[in-house]
Every structure is written in C-alpha cells, then in structure tokens.
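J.: any chance you can model this:
(2 chains)
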Amino acid sequence: MRKAFANKKLRADLLLIGLLVLAAGLLYLFFGPGGDSGAWAVVRVDGEEEARYSLRENGIYPLNGGTNTLVIEDGAAWLCDADCPDKLCVRQGKIKYSGQCITCLPNRLTVTLEGAETGIELVS
Amino acid sequence: MKTGKITVMALAIALAMVLSFVESQIPAFVAVPGVKVGLANIAVVFVLYKLGWKEAVVISLVRVFMVSLLFGSIMSLFYSVAGAVLSLAGMILLKKSGLFSHVAVSVAGGVLHNVGQIAMACVILETNVIKYYLPFLVFSGVVAGIVVGLVAAVMIKRVNIKL
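T.: Now for the predicted structure:
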C-alpha cells in the first residue's frame, strides 16, 4: 500500500519535471536566438536607452561612464571589461543575432541587439 | 513557541546562511544571470516538511535578509525577496496538494526562485530580456531542484526532531 503510494508520487514528480523540461525546450525554440543578424547594439541603463552603435562599424566604447566596455567587431558585440565583482556580463560572451542580449545586473545595464538584417524590406 | 522549535529554526537559519555563503564562493559556471544551485533551499524544504509552512516562510525570508545584508546589496535584496516569495508560494501549494514528493516540491522551488529573481530584475531594468533567459533558468532550476530535493529528502528521513 505504501509502495503504491510512493510510486504514484514518483510518477507525478516525473510528469512535473518532464513538463518543465519540455516548457524550457519550447521557450528556447520560440524565444531563442533566431537566424537574423542584429543591426544595432542598443545600450540601456535602468531601462533608458543610453546609446546605440551600429554593428557594421568596429569599435570599442566605454558604457555608462566607464563601468562596462563594449566591443563591436565583425558584426558581433561583447563586453570586454566591467567593474562588477562577478563579471557575468563579460562571461556572457559574443552576441550577433537580433534579440540576443547581454545583461549586467550590478550596473543595471543591458546591451540588446535590434533591427534584424534579413536583407528583405517589409513593404506594406 | 516552544524552546525546542525556536532552537530548530535558529539552526535551520544558520544552516541556510552557511549554505548561501558556500554557494557564493562557487564561481558562476553558466553565464546566465539568475542561475544558481540554491543550496539554501535544502534548509527551507527541510523546515517545510518538519515544522510547517509558516516556519519555512520565516526561515526563507530571514535568510534572504541576512545574506543580502552580509554579502549582497540592496539590489540583490529586491531580487532575492521576489525569488523567495514566489518559490515559497509554489512549494507550499505543491506540498499541500499532496500529489508530489520532496523532489518535485524542491524542483518547483528552484525554478520559481530563478524566475522570480529575473522577473524582478527585468521589472527594475524595464527590459523584456527575461524571455531570452527563461529557458535556461527553467532547465537549471529543474536540475538544481532535483539535487536539493534528494539531499533534503535524506535529511528529512534521517534527522529526528522531538519537540
């Protein structure tokens, strides 16, 4: 009797875990990086747009008064330096597709790639 | 409140804080903000089963405040409280439903803690980047929750509290 009860719980556990993993997979498929290259690296601090840089021009830009440093090279953007202790934003590496972003929570800063360059102009 | 209960709760808070500290010393292994093992949840799940949900709420919130004051910042306090509240709500509901074991309760706690933290961060930062991190947070929460749930289950089985 007790064993049957335990098995029932195990089945419910596995079902919940399976559903969550499936949800993670679906979220990744829907919201994960698509194939479109980004056109602009948009820098926001506290949700306010601070600057935007074209991904077509290579350059090194200090952000937010120098707390983070953005590098743009060959259509990819990444943060090469930050003054925060965990350096998670540096470790997030390079981004190049529209919709991808780098977040630095301690400095409340995000870099988001926007403006898909599909090569197709939408005409309405 | 009985002295025995106070002592057990104090021990659980101490355990949760030590586990939080140990975890803060582990370098981040995934570059996604919000991904954590959540070792302190071992103490919370333990108290949830041994003492009850009110006690678990107290343990979890006291831990969040103490840890943020000692090792974190005001910002981290906001993120952590949001994660802790959402996580507690989920764990208490799943436990009350009676359908799941410690592992599923802990998995729900792990996932919701991650999601709550990053949701609060996105509200403060006014961005919608959460959708980009969500899949990683859910998946890592599931894995961490299984580990935490198994450890908590052993503790719940082995540690006898006579109040």
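
J.: point me to the residue of chain A nearest chain B.
T.: Residue of chain A nearest chain B, by C-beta to the nearest C-beta: residue A:47 (2.5 Å). From N, CA and C alone the C-beta is placed, and that goes for glycine too.

J.: tally of neighbours for that residue?
T.: Residue A:47 has 13 neighbouring residues, counting by other C-beta atoms under 10 Å in any protein chain shown.

J.: hmm, residue B:127 and it touching each other?
T.: Yes - taking C-beta atoms under 8 Å as the definition, residue A:47 is a contact partner of residue B:127 at 6.2 Å.

J.: what residues are up against residue A:108?
T.: Residues near residue A:108 by C-beta atoms under 8 Å, 6 or more residues apart in numbering or on different chains: A:45, A:46, B:75, B:124, B:125.

J.: go again with 6 Å.
T.: A:46, B:125 (C-beta atoms under 6 Å, 6 or more residues apart in numbering or on different chains).

J.: phi, psi of it?
T.: phi 50, psi 50 (degrees, to the nearest 10).

J.: for the most centrally placed residue in chain B, which non-adjacent residue is spatially closest?
T.: The residue lying closest to the centre of chain B (C-alpha atoms, centre = their mean) is residue B:41, at 3.7 Å. Nearest residue to residue B:41 in three dimensions, chain neighbours excluded: residue B:148, at 4.9 Å (C-beta to C-beta, 6 or more residues apart in numbering or on different chains).

J.: shaky segments in chain A?
T.: A:1-6, A:32-36, A:116-124 (pLDDT under 70).

J.: which positions in it make contact with chain B?
T.: With C-beta under 6 Å from any C-beta of the partner chain as the criterion, chain A meets chain B at residues A:9, A:12-13, A:16-17, A:20, A:24, A:27-28, A:31, A:47, A:88, A:91-92, A:101, A:103, A:105, A:108, A:110.

J.: just the buried ones from those residues?
T.: Buried by 16 or more other C-beta atoms under 10 Å in any protein chain shown: A:9, A:12-13, A:16-17, A:20, A:24, A:27-28, A:31, A:88, A:91-92, A:101, A:103, A:105, A:108, A:110, out of those.

J.: give me the contacts around stretch B:120-139.
T.: When contacts are defined by C-beta under 6 Å, 6+ apart, stretch B:120-139 is touched by residues A:20, A:24, A:27-28, A:31, A:47, A:101, A:103, A:105, A:108, A:110, B:32, B:34, B:78-79, B:82, B:111, B:114-115, B:118.

J.: that stretch: end-to-end distance?
T.: The first and final residues of stretch B:120-139 sit 19 Å from each other (C-alpha to C-alpha, to the nearest Å).

J.: pLDDT averaged over that stretch, what's the number?
T.: On average, the pLDDT along stretch B:120-139 is 79.

J.: which helix runs longest in chain B?
T.: For chain B, the helix with the greatest residue count under DSSP state H is helix B:130-158.

J.: got the buried residues for that helix?
T.: Buried, per 16+ other C-beta under 10 Å, within helix B:130-158: B:130, B:132-142, B:144-149, B:151-153, B:155.

J.: point to the residue nearest the middle of chain A.
T.: residue A:101 (3.2 Å).

J.: now do the phi/psi pair for the closest residue to chain A within chain B.
T.: Among all residues of chain B, residue B:126 sits closest to chain A, at 2.5 Å; criterion: C-beta to the nearest C-beta. Backbone torsions of residue B:126, given as degrees, to the nearest 10, read phi 50, psi 50.

J.: so what does the lengthiest helix in chain A touch, helix or strand wise?
T.: Scanning chain A for the longest helix, with DSSP H as the assignment, gives helix A:2-31. The contact analysis (3 or more C-beta pairs under 6 Å, 6 or more residues apart in numbering or on different chains; DSSP states H and E) places helix A:2-31 against helix B:102-125, helix B:130-158.

J.: what angle separates it from helix B:102-125?
T.: Inter-element angle recorded for helix A:2-31 and helix B:102-125: 30 degrees (by axes from the mean of the first three to the mean of the last three C-alpha atoms, to 10 degrees).
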